[in-house]
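Visitor: My questions are about this predicted structure, shown below with the sequence.
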Amino acid sequence: MARLPGPLLCGALLGWVFLTAPGPAVEVHVPAEPLSTQVGKTAELTCSYSTSVTDSFALEWSFVQPGKPISASTPILYFTNGHLYPAGSKAKRAGLLQNPPTGGVATLKLTDVHPSDTGTYLCQVMNPPDFYTNGLGLINLTVLVPPSSPSCSQTGQISVGGSAALRCSSSEGAPRPVYNWVHLGSSPTPSPGSMVQDEASGQLILTNLSLASSGTYRCVATNQMGSASCELTLSVTDPSKGRVAGAVIGVLLSVLFLSVAVFCLIRFQKERRKRPNEIYRGSDLREDAIAPGISEQTSMKADSSNGLLEKPLSAITVKATKSNLPMVV
């Protein structure tokens, strides 16, 4: 078997190594910790890379909303062929810290950040034929927003012995606000056993209500950017007092009715005493009554002519009167 010369063998081995070894790798570096920026400020998303820049070099920034996969990303800007192309809804607010980004710095600047800018940002560098890595870096950004004015509401049986649920919620706030309820005013604060609140959901549960539970309650929503509050008034009623008041009203009405009845009875008795005692009946006969058919003048003449005729005339008068009375069968 023939032997290869030593120099020729070494050259063959070095050539095989160079042919089988991978090409230069694109390495992208981004912060490991999430970033946060106040609403309305400018955010700088740091991204650097290492590669031998060629005419095929390209840079892309894209955005993914919270909770969505990377495949659902939307573009923010491109850099390719020496030109920068902003894209998407953030185009007017997005730019590069260094343009062109050919010196290893691909940092993204985003001005006037909105709450909707919270999410994941992708920095991707492509430089064919450097395909050893995907050249991708991910940055999580949170836009800090103070809590908006919360809304307060109440439900439940707002009476002595009942229970009530007070709720408080802010439509905006990042990080998510925590909620704290306090009882205002001079009334004593309900005992800890009857007052349970959930700081995450903003709900306050009041059980075994008493009149001391009435008053104004304030909910304060707080995060690291600030706080906001709302208030509501709780009025606890006592059903037993309502029943007592109804009974008292009933008694007063009864007394009033009885008083009116007594007054009317006394008035009636007084009117009755004022009436004449003599009551005439149709069947009663008076001795001085004039019989029908005999005029008063004739009777007076008989009386004046002779006193002896007084008695017979009276008899005649009575007889005539009786004769003219209707007969009752």
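Guide: Thanks, I have the structure now.
Visitor: For the rest of this, base every contact and every neighbour count on C-alpha atoms.
Guide: Will do.
Visitor: pLDDT of stretch 197-212, averaged?
Guide: Stretch 197-212 carries an average pLDDT of 93.
Visitor: Span of it from start to end?
Guide: 18 Å (CA to CA, to the nearest Å).
Visitor: So, low pLDDT: which residues of this structure?
Guide: When residues are selected by pLDDT under 70, those of the chain lie in 1-24, 130-134, 186-193, 241-248, 250-251, 275-329.
Visitor: the domain parsing of it - what is it?
Guide: The chain is divided into the following domains under automatic domain parsing: 22-144, 151-237, 239-274, 288-320.
Visitor: Show me the strands in the stretch 101-250 of the chain, by range?
Guide: Counting by DSSP state E, counting those that start in this stretch, the segments of the stretch 101-250 of the chain that form strands are 108-110, 119-126, 136-144, 151-156, 164-169, 178-183, 195-198, 203-206, 215-223, 226-234.
Visitor: Nearest to Tyr78, out of the ones you listed?
Guide: Each of the strands of the stretch 101-250 of the chain has some distance to Tyr78 by CA to CA; the shortest is strand 119-126, at 9.9 Å.
Visitor: Parallel or antiparallel, list what pairs with that closest one.
Guide: Partner strands for strand 119-126, per DSSP bridges, with pairing direction: strand 58-64 (antiparallel), strand 136-144 (antiparallel).
Visitor: Tabulate those strands (CSV), appending mean neighbour count and distance to Ser171.
Guide: Converted to CSV, the strands paired with strand 119-126 look like this (neighbours: other CA atoms under 10 Å; distance: least, CA to CA, whole Å):
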stretch, mean neighbour count, distance to Ser171
strand 58-64, 21, 22
strand 136-144, 21, 14
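Visitor: Save the ones you listed as TSV, and put in distance to Lys90 too.
Guide: Converted to TSV, the strands paired with strand 119-126 look like this (distance: least, CA to CA, whole Å):
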stretch	distance to Lys90
strand 58-64	10
strand 136-144	15
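Visitor: Nearest approach to Thr102 belongs to which of the strands of the stretch 101-250 of the chain?
Guide: The closest of the strands of the stretch 101-250 of the chain to Thr102 is strand 119-126. By CA to CA, the value is 10.6 Å.
Visitor: Now do that closest one: everything it contacts.
Guide: For strand 119-126, the external contacting residues (CA atoms under 8 Å, 6 or more residues apart in numbering) are 26, 28, 47, 49, 56-66, 106, 134-142.
Visitor: longest single helix anywhere in this structure?
Guide: In the chain, taking DSSP state H as the definition, the longest helix is helix 239-273.
Visitor: tell me how far the ends of stretch 52-72 are from each other?
Guide: When the termini of stretch 52-72 are compared using CA to CA, they are 30 Å apart.
Visitor: give me the beta-bridge partners of Ser36?
Guide: Counting by DSSP bridges, Ser36 is bridged to Thr142.
Visitor: ok, it - contacts?
Guide: Shown in contact with Ser36 (CA under 8 Å, 6+ apart): 141-144.
Visitor: Kindly indicate which of these lies nearest Gly95.
Guide: Among the contacts of Ser36, and counting by CA to CA, the member closest to Gly95 is Leu141, at 16.3 Å.
Visitor: residue contacts, the closest one?
Guide: Contacts here follow CA under 8 Å, 6+ apart; on that basis Leu141 touches 34-37, 117-121.
Visitor: Find the residue closest to it in space, skipping its chain neighbours.
Guide: Leaving aside its sequence neighbours, Leu141 sits nearest to Leu35 (CA to CA, 6 or more residues apart in numbering; 4.8 Å).
Visitor: I'd say that neighbour and Ile139 touch.
Guide: Yes - contact criterion CA atoms under 8 Å: Leu35 and Ile139 qualify, at 7.4 Å.
Visitor: and Ser254, how many neighbours?
Guide: 12 (other CA atoms under 10 Å).
Visitor: Would you check how far apart it and Val260 are?
Guide: Using CA to CA, Ser254 is found at 10 Å from Val260.
Visitor: and if you look at Tyr179?
Guide: For Tyr179 relative to Val260 (CA to CA), the value is 62 Å.
Visitor: ok, Gly215 - how many residues close by?
Guide: Count around Gly215 with other CA under 10 Å applied: 18.
Visitor: Verify the stated contact: it with Thr237.
Guide: No - using CA under 8 Å, Gly215 and Thr237 do not qualify as a contacting pair, with a distance of 11.9 Å.
Visitor: right, so of the strands of the stretch 101-250 of the chain, which gets closest to Phe79?
Guide: Closest to Phe79 of the strands of the stretch 101-250 of the chain is strand 119-126 (CA to CA; 9.6 Å).
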